[in-house]
Structures are given as structure tokens and as C-alpha cells.
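Chemist: Below are the sequence and a predicted model for it; my questions follow.
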Amino acid sequence: MIGALIARWGPPLQPPTSNIQPPTSNIAVPFSRPTTYDLRPTTLKNYDQSYFDHWYRNPRHRIGSRADLDRSVALAVALAEGVLGREIESVLDVGAGEGRWQPVLQRLRPGSRYAGVEPSEWAVRRWGQRRNLRQGSLLDLAELGLEGPFDLVICADVLHYLPTAELRRGLRALADQVGGIAFCPLFTVEDDIDGDREEFQRRRASTYRRCFAEAGLIAVGMHGWTTSTIAASLARLERQ
């Protein structure tokens, strides 16, 4: 499920005093899995209509505006097309929520193919047919019959809810779908945030960089990541 966090001005949260280790418990999060290889979705949070109404439509609690969404989509598309040197033709949205990116992408790139993956039964039932959503999670990607890799892979506001062991496994699954750019907005313990803090993982930016590198993904800035093969064609200052 796409999360509901946004950065705000102010002093950041204090970083932990020691390196965070992978949790030993099986606390379920939006894309969490037991330590066995049973990959069926389990979660303690209920991503039903009330959750989406609270964080995306309630004027008192809503995170981000329509304009914010439009800017995020435009940024992701520009990053992918800048790296590929052409217009995007395929998009995978992991943790798509209600598929809010789909209509914006269709306006920007009408001929592109969009596939959304979302663990919320309610969201898929409500929006699945209209916005091409299928039920599943980050760790289900290889089993869903997706026609990847994709020019643009979106995993927005998802990874900071995953325990570290799940994060590492999920990024490896995500990397297999990247044929251009992975756009993965997320927040760290160094950021000051508003929104859904339940099950937020207090990790440093350095921990995320290490996990992305372990999955073979290289930073290209502004929440963008690409494969080592694609990065080799970029100028040195275009990649980090």
C-alpha cells in the first residue's frame, strides 16, 4: 500500500544511537512477510476505505495535494525519460494504493502501459478494473505475471514501513523489474515528517543507500535509482 507521509520544515527526528538491526519479530507491515517463504499478504493495519479517506480526502488529515501528485508524476517521468533518451512506454506502480498515479500518467503519456500492484483488498476491488490494479505486494512481483522490465518503476512511500530484512528482499525483487528508473520516495530518521507514522522504520539514509546498493541499484538523484548497466551509460555526475 502506498503510505501517507510527507516531509515538513523543522528540526529532524534524532537519529538512533546505534545501527538498526533487522527485527527478530514478525511484526506485519504493508508489505511484510513472515520469515518463511509464504508470501501471502499479512498486515496489522487495515487499508480499507476509511484509511484512504482519512489520509487522502479528509481536509484535516490529507497528506499532499493534487498539485503535489502532479509534480511527483512529472518528476518521475522526466527522470526516466532523461535516462532512457525517449518517452516511457511502460510503468509499474508497486504499493499503488488507489492507483492515483494512473490517470495522471495517462494524461502525460497516453500510449504508456500501466500496471499497479497493491495489497489492499478494498483498493483493488474498488479501483482494480478501472486503473489496472492487481492484488499483491513487493515480494510477489515475480509471481504476478508482470510483463517487465518496465521503463518506470514506482515504489512511493512504501519502503520506510518495511523491516530491514523485508526491505532487502523487496529491493532485490524490485530491481528485477527496472528497465529504466525506479522512483522510490521514502523518508529517514533524519527527516521531519507528517502523516502515518504507524510502523515507520527509524533508519538512516546510509542504511537505505547500502540496501539499494546490495540490490544492484545506483542513485541518480531525486529519489531515482537505476541498474548498473544503465548507469554505465550516464555521465559521472549524473549518478552518485
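Modeler: That came in fine, so what should we check first? Source: prediction; values computed, not measured.
Chemist: what's the spacing between stretch 135-154 and its chain's center?
Modeler: Chain-centre distance of stretch 135-154: 12 Å, with C-alpha atoms, centre = their mean, to the nearest Å.
Chemist: Report the separation between the two terminal residues of that stretch.
Modeler: Using C-alpha to C-alpha, to the nearest Å, one end of stretch 135-154 lies 16 Å from the other.
Chemist: mind checking how far the lengthiest helix in the chain is from the chain centre?
Modeler: Criterion DSSP state H: the longest helix present in the chain is helix 66-84. Taking C-alpha atoms, centre = their mean, one finds helix 66-84 lying 14 Å from the centre of the chain it belongs to.
Chemist: now swap in stretch 156-173 and tell me
Modeler: 9 Å.
Chemist: swap in stretch 204-223?
Modeler: So, by C-alpha atoms, centre = their mean, the centroid of stretch 204-223 is 13 Å from its chain's centroid.
Chemist: what's the straight distance from one end of it to the other?
Modeler: For stretch 204-223, the end-to-end distance is 15 Å (C-alpha to C-alpha).
Chemist: Summarise which helices and strands the helix or strand harbouring residue 166 is packed against.
Modeler: For residue 166, the host element (DSSP states H and E) is helix 164-175. On a contact count with 3 or more C-beta pairs under 8 Å, 6 or more residues apart in numbering; DSSP states H and E, helix 164-175 meets helix 205-214, strand 217-221. All C-beta atoms are positioned from the backbone trio N, CA, C, and that covers glycine.
Chemist: Which stretch among the ones you listed is buried most, on average?
Modeler: strand 217-221 (a mean of 18; mean count of other C-beta atoms under 10 Å).
Chemist: Past that strand, which element shows up next along the chain?
Modeler: strand 224-227.
Chemist: gap between the very next helix or strand once past that following strand and the chain center?
Modeler: Heading C-terminal from strand 224-227, the first helix or strand you meet, by DSSP H and E, is helix 228-231. Relative to the mean C-alpha coordinate of its chain, helix 228-231 is positioned 20 Å out (C-alpha atoms, centre = their mean).
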